[in-house]
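S.K.: Task: produce atomic coordinates for the following.
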Amino acid sequence: MLKDSRHRKLISAFIFLIVTPAFALSQNVSSREPFVLEMPEISASRYTAPVIRLPMKDVPTLKFRVVEPFAGDINYGNIVVSINGEGINRGCNKSRDVQGKVVVCGKREDRMGGYVLNNGKNVIEIKATDSKSRDFYASYVLVLGDKTAAVEKPDWTNGAAERFTGRKFAVLIGVSDYKFQDAGLKNLSYADDDARAVAEFLQSPTGGGFSSADIKLLLNQDASLIAVRSALLDTFKRAKPNDLIFVFIAGHGAPDPLAAQNLYFLLSDTKVVNMAQTAFPMNELKQMLDTQVSAQRVVVMIDTCHSAGVNQKTKSIVSGRQLEQEGDENNISNFFLTSQLFKQTGRAILTSSDVNEVSQESSKWGNHGVFTWALLDGLKGKADLNGDKLITAGEIFQYTRASVQKATSFQQNPRALPGSNKDLTLAFAGK
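M.R.: Numbers count the residues shown, from 1 in each chain. Just a heads-up that it's a prediction; the model follows:
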C-alpha cells in the first residue's frame with residue numbers, strides 16, 4: 001500500500017477488496033500455494049506443479065501437506081481431498097509436523113474411504129478454507145503408465161438402434177468472436193462455423209429433419225450470457241418426456257483465473273476478469289438438466305476447451321499448450337463434464353478433448369475444429385460401424401474419438417459418456 005496519502009491508501013484497499021477473491025492473500029499468492037503433494041514410496045520429491053507424470057501404474061500412498069504459514073489458520077475438517085471426483089477424506093489419516101498439517105491417504109481396500117487410481121490420467125483436487133473464510137484450491141493431473149498410441153476400444157457395446165417419434169429440439173452455440181479480449185482471451189477461427197454446420201445437418205433428412213422452429217442457433221454476438229441462458233431454459237421447458245434435446249457448444253471453456261475450482265463456458269460478452277458474473281457456469285447446466293428437463297433423451301456435444309487453463313500468478317488464461325509450469329492451474333472442464341455433470345443422469349455427452357488438452361481447429365479440416373469435422377463425417381455415414389444404415393450415439397462417439405485421435409496424433413482425445421442413450425439413433429446413413 002502507498003504510505004504518502006491516507007486517501008490513496010483507502011482507494012487502493014477498496015479496489016483490492018473488489019477485484020480480489022476470498023482466497024487471494026495478495027496478487028502474488030496463488031490459490032494452490034499452501035499445498036504440496038508427496039508420494040513417499042515413489043520418491044522424496046515434493047510435487048507442486050499441476051501435471052505429474054510417472055512411469056509406474058501404482059501409487060501406494062498419497063500425502064497431502066498444507067504448509068505454514070497457511071496451516072495455522074486451516075482446520076483439518078476444512079481440508080477436502082478428492083480423486084476423479086470422489087471424496088476420499090474418510091479413509092485418510094491426519095497429523096501435524098513442523099512444516100504444517102498432513103493428510104495421508106491409502107489405496108482402497110475392503111473398507112470405507114481410500115482411493116482408486118486409473119491407468120493414465122487421474123484428477124486430484126484439494127480444497128481448504130481458513131479461519132478467515134479464505135478459500136484455497138489446487139488440482140493435479142496425475143498421469144500413470146506410458147500412454148500407448150492405440151485407439152481405445154469403447155467400454156460399451158452397440159445394441160439394436162432405437163428410433164423414436166417424439167419431437168426434436170436443438171440449442172447450438174458457436175462463439176469465435178469475443179467482445180472483451182482481456183487476460184489472454186483470444187478469438188477462434190471456426191467455432192461459429194462449427195455450430196452453423198451442425199445446425200444445417202440436423203435439418204437435413206440424414207440428420208433427422210429437425211424443424212427450424214425447434215432449433216435455436218446462437219452465433220458470436222448473439223451468444224451472450226443472457227441469450228444462451230434464455231435459449232437453454234426455454235428449450236428445456238418445451239421438450240416433453242418422449243422428446244429429444246440436442247445441445248452443441250463450441251467456443252472457449254476455462255477455469256476462472258480468480259477461482260480455478262469454478263469452470264465456465266466463455267460467451268461473447270464474457271470478461272475474464274469477471275467470469276463469475278459474465279460467463280456461464282458449467283455446473284449451472286447440470287442444475288438446469290436436473291430441474292428443468294423432463295425429456296428422457298438428452299445428447300450434449302461440447303467443443304469448448306480451446307483454453308488449456310489459467311496462470312494463477314498473472315490471473316490470465318493459458319492456451320495453446322499443456323500446462324507444465326508452477327503457478328498454472330489445470331483445466332479439468334472435460335473431466336467435470338463427463339465425470340460429474342452427467343454422473344448420475346445417464347444422459348449422453350461427448351467432449352472434444354481430455355483433461356488439459358487444447359481442442360484444435362484448422363482449414364485442413366474443412367474450416368472446422370477437428371472435433372466437429374470428425375463428428376459431421378461420422379454422422380453423414382462413416383460412423384455406421386455395424387452397417388445397419390442407422391448411426392447411434394454409441395457409434396458416433398466411438399468413431400469421433402478414434403478419428404480425432406488419429407488426426408491429431410493423439411494430442412487430442414475426446415471423452416465420451418453415452419450413458420443409457422448409446423443405442424439412440426442420431427442419423428440415417430442410407431435410405
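
S.K.: Report the mean per-residue pLDDT for stretch 135-144.
M.R.: If you average the pLDDT over stretch 135-144, you get 92.

S.K.: By mean pLDDT, which helix or strand of this structure comes out lowest?
M.R.: In the chain, no helix or strand scores lower on mean pLDDT, DSSP states H and E than helix 6-19, which sits at a mean of 40.

S.K.: Which residue ranges of the stretch 301-431 of the chain form helices?
M.R.: 333-335, 370-377, 393-407 (DSSP state H, counting those that start in this stretch).

S.K.: Ok, the stretch 101-250 of the chain next?
M.R.: Counting by DSSP H, counting those that start in this stretch, the helices of the stretch 101-250 of the chain are 191-203, 225-238.

S.K.: so which of those helices is the most packed in?
M.R.: helix 191-203 (a mean of 22; mean count of other C-beta atoms under 10 Å). Bear in mind the C-beta positions are built from the backbone N, C-alpha and C, glycine included.

S.K.: wait, isn't Q360 in contact with W373?
M.R.: No - using C-beta atoms under 8 Å, Q360 is not in contact with W373, being 9.9 Å away.

S.K.: Which one's more surrounded, those two?
M.R.: W373 (24 against 19; other C-beta atoms under 10 Å).

S.K.: thought the more buried one was touching S363?
M.R.: No - counting by C-beta under 8 Å, W373 stays clear of S363, with 10.7 Å between them.

S.K.: Tell me how many other residues surround N334.
M.R.: Neighbours of N334 (other C-beta under 10 Å): 25.

S.K.: Who are the contact partners of the most centrally placed residue in the chain?
M.R.: Of all residues in the chain, the one closest to the mean position by C-alpha atoms, centre = their mean is S333, 1.2 Å from it. Residues in contact with S333 (C-beta atoms under 8 Å, 6 or more residues apart in numbering) are 253-255, 263, 282, 304-305, 351.

S.K.: tell me which of those is nearest to S133?
M.R.: Here the nearest of the contacts of S333 to S133, counting by C-beta to C-beta, is P255; it sits at 20.8 Å.

S.K.: Strands along the stretch 201-350 of the chain, start to end?
M.R.: 215-219, 244-250, 252-256, 259-266, 280-281, 297-303, 307-311, 316-319, 328-330, 348-351 (DSSP state E, counting those that start in this stretch).

S.K.: Could you dump the ones you listed into a markdown table and include mean pLDDT and mean neighbour count?
M.R.: A markdown table is the format used below for the strands of the stretch 201-350 of the chain (pLDDT from 0 to 100; neighbours: other C-beta atoms under 10 Å):
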| stretch | mean pLDDT | mean neighbour count |
| --- | --- | --- |
| strand 215-219 | 98 | 21 |
| strand 244-250 | 95 | 26 |
| strand 252-256 | 90 | 26 |
| strand 259-266 | 91 | 22 |
| strand 280-281 | 96 | 18 |
| strand 297-303 | 91 | 25 |
| strand 307-311 | 74 | 25 |
| strand 316-319 | 73 | 20 |
| strand 328-330 | 81 | 25 |
| strand 348-351 | 88 | 26 |
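
S.K.: Looks like G253 contacts T270 (just checking).
M.R.: No - using C-beta under 8 Å, G253 is not in contact with T270, being 10.8 Å away.

S.K.: so what sits against both of the two?
M.R.: Shared contacts of G253 and T270, defined by C-beta under 8 Å, 6+ apart, comprise Y264.

S.K.: ok, back up a step: distance check, the residue nearest to the centre of the chain against V81.
M.R.: Using C-beta to C-beta, to the nearest Å, S333 is found at 20 Å from V81.

S.K.: for N220, same thing?
M.R.: 41 Å.

S.K.: No more questions from me, cheers.
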